[in-house]
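[1] Okay, sequence plus prediction incoming.
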Amino acid sequence: MARPKKDLFYENKQQKKLHSGQEWLVAYDDNCKKVVDYLVQKSVGNTIYYNTINSLEKLRNFLLQNNKDYSAEEAALWFKDTGPYPKGYQSALFRLQDIFDYGTIQPVNAFQCLFLIIRSFKVLGKRK
């Protein structure tokens, strides 16, 4: 049975009422949407999809509760100090930082289906 669609934190219109010092939330929410849209475009499975959403939402909540702005350094400290987290949380943070830095997810952090990678190695490894 498919898991029901979760209300996505970055689509919550009530959060658009920002307090002083929370202007970073607009860019954060927009970039989180870009990461999730990228995963949908790549047709990732539910585990990767929901782990990404959960990690980005937990980081957002941590930053809000501790009155911190988003930065790659804050994300890395949060991951290190409050973990361990399920596999995939760190990849979500790398992808989010790519969006902040480059506007797109870089090849090193791109989603690649393991099946396609294995198939590529099998094809490359065949000898005549």
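    Yes, it's here.
[2] C-alpha from now on. contacts and neighbour counts both.
    OK.
[3] List the buried residues of the host helix or strand of residue 95.
    Using DSSP states H and E, residue 95 sits within helix 89-102. Within helix 89-102, the residues that count as buried by 16 or more other Cα atoms under 10 Å are 89-100.
[4] so what does it touch, helix or strand wise?
    Helix 89-102 is packed against helix 24-41, helix 46-65, helix 72-82, with contacts defined by 3 or more Cα pairs under 8 Å, 6 or more residues apart in numbering; DSSP states H and E.
[5] Go through the buried residues of helix 89-102 and name the one nearest residue 66.
    residue 93 (18.4 Å; Cα to Cα).
[6] and the closest one, what is it in contact with?
    Counting by Cα atoms under 8 Å, 6 or more residues apart in numbering, residue 93 touches 55-56, 75.
[7] mind checking pLDDT for it?
    With respect to pLDDT, residue 93 scores 94.
[8] Residue numbering should commence at 13 henceforth.
    All right, first residue 13 from here; so that's residue 105.
[9] out of everything not next to it in sequence, what's closest to the residue nearest in space to the middle of the chain?
    Nearest to the mean C-alpha position of the chain, counting by Cα atoms, centre = their mean, stands residue 104 at 3.1 Å. Spatial nearest neighbour of residue 104, excluding adjacent residues (Cα to Cα, 6 or more residues apart in numbering): residue 64 at 5.3 Å.
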